[in-house]
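**Student:** Please find the sequence and the predicted model below.
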Amino acid sequence: MAALSVRLRNVGRRAEAKAPAEEAVDLYRQLAEADPVVHRADLAYTLSNGLGILPVDRVREGVDLYRRLVEADPDRYASRFGQSLINLSMALANVGRTAEAIAPAEEAVALNRRLAADDPIAHLPGLALALTILGHRLAQSGRPAQALPPAKEAADIYRRLARTDANPVLHRDCLVLALTDVGTRLRELGRLTEADAWTAEAAKIRSSRPEAANTHNAVDVRPGGSV
């Protein structure tokens, strides 16, 4: 049920996705009550992955469950906890609660920065995504100057990944989005010449890249965008 709801959401059929998502939550809640050791993580995943389907409070419940799970077993759950924080930030932004959406994005950045320091190959993509989300939340809150540093850092990480990772096409797609973000932030600050340089770099990569990779990482993370 949970997987079906996510597939329906990802093809734009969000109204149809709600019933299987709620059914999955009810099922895993019953299982978690009977055997929390085995099924609490399933409930946390189902709730936190309900972005765009379930109410925000359900997504927040998933974050709270992951917070407890990561305290008991950080090696196993830290990465999923980070993704749940990103999902909560996006869920809050999608319903217009932009100011509230900043804190989970900041927490996701801090968590992913610690993870990436220990294992950059595994966690730099997560850090770049968290920085992108934070930049968007700050910009949407009317704080373009504060949004610029995380946007630039995300672009720098994607540049590095596009040069060194085993899947460069995936990261080139993300880099194009990140460069465009930096250009937008600079333009909002009136730094038009600098903005043009960043957007020109994005255009150059876009025109020279192979067919775009189909990846969940290269997504529109604005409110109402694809998830």
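**Tutor:** Structure received.
**Student:** counting contacts, what elements does the strand or helix carrying residue 91 pack onto?
**Tutor:** Element membership for residue 91 (DSSP states H and E) is helix 74-94. On a contact count with 3 or more Cβ pairs under 8 Å, 6 or more residues apart in numbering; DSSP states H and E, helix 74-94 meets helix 36-48, helix 56-72, helix 98-118, helix 120-140. All C-beta spots, glycine's among them, are computed from the backbone N, C-alpha and C.
**Student:** Please tell me how far the residue nearest to the spatial centre of the chain sits from residue 79.
**Tutor:** Centroid check for the chain by Cα atoms, centre = their mean gives residue 86 as the closest residue, at 4.5 Å. Residue 86 sits 11 Å away from residue 79, going by Cβ to Cβ, to the nearest Å.
**Student:** Ok, residue 125 next?
**Tutor:** 10 Å.
**Student:** pLDDT below threshold where in this structure?
**Tutor:** 1-17, 209-227 (pLDDT under 70).
**Student:** Now for residue 27, how many residues are close by?
**Tutor:** By other Cβ atoms under 10 Å, 16 other residues sit near residue 27.
**Student:** Distance-wise, check it relative to residue 43.
**Tutor:** 9 Å.
**Student:** Same question for residue 123.
**Tutor:** Residue 123 sits 25 Å away from residue 43, taking Cβ to Cβ as the criterion.
**Student:** Please apply the same query to residue 148.
**Tutor:** 38 Å.
**Student:** same thing with residue 184?
**Tutor:** If you go by Cβ to Cβ, the gap between residue 184 and residue 43 works out to 38 Å.
**Student:** and those two? which has more neighbours close in?
**Tutor:** residue 43 (23 against 20).
**Student:** Check the contact between that one and residue 28; I expect there is one.
**Tutor:** Yes. With contacts counted by Cβ atoms under 8 Å, residue 43 reaches residue 28, the gap being 4.1 Å.
**Student:** what sits in contact with each of those two?
**Tutor:** Jointly contacting residue 43 and residue 28 under the rule Cβ atoms under 8 Å, 6 or more residues apart in numbering is no residue at all.
**Student:** Give me the distance between the helix holding residue 91 and the centre of its chain.
**Tutor:** 7 Å (Cα atoms, centre = their mean, to the nearest Å).
**Student:** Show me which positions of that helix end up buried.
**Tutor:** Buried residues in helix 74-94, defined by neighbour count with 16 or more other Cβ atoms under 10 Å: 77-94.
**Student:** Setting aside sequence neighbours, what's the nearest residue to residue 199?
**Tutor:** residue 183 (3.8 Å; Cβ to Cβ, 6 or more residues apart in numbering).
**Student:** helix or strand for that neighbour, which one?
**Tutor:** helix 168-188.
**Student:** Tell me the helix or strand right after that helix.
**Tutor:** helix 192-208.
**Student:** where does residue 49 fall, phi/psi-wise?
**Tutor:** phi -90, psi 10 (degrees, to the nearest 10).
**Student:** What about it, how many residues nearby?
**Tutor:** Residue 49: 24 surrounding residues under other Cβ under 10 Å.
**Student:** How about residue 48?
**Tutor:** Residue 48 has 27 nearby residues by other Cβ under 10 Å.
**Student:** my guess is it contacts residue 83, does it?
**Tutor:** Yes. Between residue 48 and residue 83 there is a contact under Cβ under 8 Å: 7.4 Å.
**Student:** count of residues packed around the residue lying closest to residue 92 once chain neighbours are set aside?
**Tutor:** Nearest residue to residue 92, sequence neighbours excluded (Cβ to Cβ, 6+ apart): residue 101, at 3.8 Å. Neighbour count of residue 101, defined by other Cβ under 10 Å: 27.
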